[in-house]
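A.B. asks: Sequence and predicted structure, then a few things I'm wondering about:
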Amino acid sequence: MRLGLVSHKAFEETHIPEVTRPYMEAFEHPDRIKFTREYLRNSGLLGNQNLKIFECKPAARVDIVRVHSPYLFDVVGELSRLGYGEVGASSFVVKDTFKAACLSAGGAISAVEEVNKGSVETAFALIRPPGHHAGIGHSEGMCYFNNCAISVRWLQEKKNVKRILILDLDAHACDGTSQIFYTDPTVLVLSFHEYGMEAIERGWLEEIGSGEGEGYNINVPLPLGTWGNAYLWSFENIFPEVIRSFKPEMVVVSFGFDTHYSDPVGNMNLQAEDYAKLTRMILQLGKEVCQGRVAFILEGGYSLIALPLSIAAVISTILDSEIKYFDKIREPEKIPKIVRNVTEEIQNIKKQYL
Ligand SMILES: [Zn+2]
């Protein structure tokens, strides 16, 4: 399959977190992109003849305020020029944060643009900072602008792609993305994530959207420590039915790799091979439902060892090129009852609305 890899050298050099408090913000670091690119290069994937590299451009103000309040756009810009500030919980601003955030949003737009144009069959946006916690008027959780939402609204507005499925596979609930599309039946948000640990987190089962959007926000909260096999079991029992019923024109995947067992922020137990399996399933169903129009956008993933390997698993699956996995662990075979129950609940919601 032909893959477009969208990225920019600036992600490796800008928006460097200052460790002013011994806190998790420091994990969202330029080395995430740098180490990933190096691993992709060393494993030969970057040189694959079916991989085309695209350099992203910063998103324009008009593209960002299609989703966010002008106030948020301005405050991130202003504090970034000052070189210090905080624009939301766990969202510190340093020099060039604004530049990186606009470039990151532009990367998501480029990924959906290239897939929509057909210049590649699928695309992966290797970008930072992530976006899925950023809501209409606020930044949060190391996310400043919602890259995925910005790319989806761009597709709707500029390319007349109307029905879009957002599949969020980060360890954390995509509360920002859900807020943005909560009343909108044209965008279905399906999020698999760990059961919330903090009061600030959203993503409960009963948050199903409202008004015309009722039934178009589906949360799958899985218990902390869920292993790959249980995660995949739940995914296989939900995703195919949802995508077939909703019939999107495009799928945009917010892919976070903080579900990896060695991630310092997330609490799940997936391994690289699981990401390969998820990718295979997404691509197959994408082919069946929307002519394979699938774009992947990087969200979280903070282990500098696991992140490159996990992204390589996704990219090698798309390119149909084998890589070795170095993170094999044994996992229990049994699917926990709570995972079965949650999955059943979702099937009921799906039957009622879609
Ligand atoms: Zn996350």
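C.D. replies: Arrived safely.
A.B. asks: Next up, the contacts around the residue of the stretch 151-300 of the chain at minimum distance from the ion.
C.D. replies: Scanning the stretch 151-300 of the chain for proximity to the ion using CB to the ion identifies G300 as nearest, at 3.1 Å. C-beta coordinates here come from the backbone N, C-alpha and C atoms, glycine included. Neighbouring residues of G300 by CB atoms under 8 Å, 6 or more residues apart in numbering: 28, 130, 142, 170-172, 256-258, 263, 265-266.
A.B. asks: again, but for M281
C.D. replies: Contacts for M281 (CB under 8 Å, 6+ apart) come out as 235-236, 239-240.
A.B. asks: Spell out which parts of this structure neighbour the ion.
C.D. replies: 170-172, 256, 258, 300 (CB under 5 Å from the ion).
A.B. asks: Determine the set of other helices and strands touching the helix or strand encompassing V252.
C.D. replies: Applying DSSP states H and E as the criterion places V252 in strand 250-255. Packed against strand 250-255 by the contact rule (3 or more CB pairs under 8 Å, 6 or more residues apart in numbering; DSSP states H and E) you find helix 97-117, helix 147-159, strand 164-168, helix 272-290, strand 294-298.
A.B. asks: Okay, helices next: where are they in the stretch 201-350 of the chain?
C.D. replies: Using DSSP state H, counting those that start in this stretch, the helices of the stretch 201-350 of the chain run over residues 228-246, 272-290, 306-319, 337-353.
A.B. asks: Residues contacting the third one, please?
C.D. replies: By that I understand helix 306-319. 1, 3, 5, 32, 35-36, 38-40, 43, 45, 48, 50-51, 122, 124, 126, 255, 257, 260-263, 272-273, 275-276, 279-280, 283, 296, 298, 301, 322-323, 325-327.
A.B. asks: what's the most buried one of the helices and strands packed on strand 250-255?
C.D. replies: Comparing the helices and strands packed on strand 250-255 by mean neighbour count (mean count of other CB atoms under 10 Å), strand 294-298 comes out on top with a mean of 30.
A.B. asks: helices or strands up against that strand?
C.D. replies: When contacts are defined as 3+ CB pairs under 8 Å, 6+ apart, strand 294-298 packs onto helix 97-117, strand 122-125, helix 147-159, strand 250-255, helix 272-290.
A.B. asks: so what strands line up beside the second one?
C.D. replies: Counting by DSSP bridges, the strands paired with strand 122-125 are strand 3-7 (parallel), strand 294-298 (parallel).
A.B. asks: Any chance of JSON lines for those, columns mean pLDDT?
C.D. replies: Converted to JSON lines, these look like this (pLDDT from 0 to 100):
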{"stretch": "strand 3-7", "mean pLDDT": "98"}
{"stretch": "strand 294-298", "mean pLDDT": "98"}
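A.B. asks: Format those strands as a markdown table; extra columns: distance to A105.
C.D. replies: A markdown table is the format used below for those (distance: least, CB to CB, whole Å):
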| stretch | distance to A105 |
| --- | --- |
| strand 3-7 | 12 |
| strand 294-298 | 10 |
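A.B. asks: Please name whichever of the ones you listed is nearest to A134.
C.D. replies: Closest approach to A134 among these (CB to CB): strand 294-298, 13.0 Å.
A.B. asks: now the strands: where do they sit in the stretch 1-150 of the chain?
C.D. replies: Under the criterion DSSP state E, counting those that start in this stretch, the stretch 1-150 of the chain contains strands at 3-7, 51-55, 84-88, 91-94, 122-125.
A.B. asks: and these, which is most packed in?
C.D. replies: Between these, strand 122-125 has the highest mean count of neighbours, a mean of 27, where neighbours are mean count of other CB under 10 Å.
A.B. asks: what does it rub up against?
C.D. replies: Outside strand 122-125, the residues within contact range by CB under 8 Å, 6+ apart are 1-7, 54, 56, 107-108, 110-112, 114-115, 147, 283, 286, 292-298, 311, 314-315, 318.
A.B. asks: among the contacts of G300, which ones are buried?
C.D. replies: Buried members of the contacts of G300, counted by 16 or more other CB atoms under 10 Å: 28, 130, 142, 170-172, 256-258, 263, 265-266.
A.B. asks: what about the longest strand in this protein?
C.D. replies: Taking DSSP state E as the assignment, the strand of the chain that covers the most residues is strand 187-194.
A.B. asks: any low-confidence regions in the chain?
C.D. replies: 19-25, 197-201 (pLDDT under 70).
A.B. asks: Nearest the geometric middle of it, what residue?
C.D. replies: In the chain, the C-alpha closest to the average C-alpha coordinate belongs to S254, at a distance of 1.9 Å (CA atoms, centre = their mean).
A.B. asks: how deep is Y302 tucked in, by neighbour count?
C.D. replies: For Y302, the tally of surrounding residues (other CB atoms under 10 Å) stands at 24.
A.B. asks: tell me the contacts of the nearest residue to it once chain neighbours are set aside?
C.D. replies: On the basis of CB to CB, 6 or more residues apart in numbering, the spatially nearest residue to Y302 that is not a chain neighbour turns out to be F27, at 3.9 Å. Taking CB under 8 Å, 6+ apart as the criterion, F27 is in contact with 17, 142, 264-265, 302.
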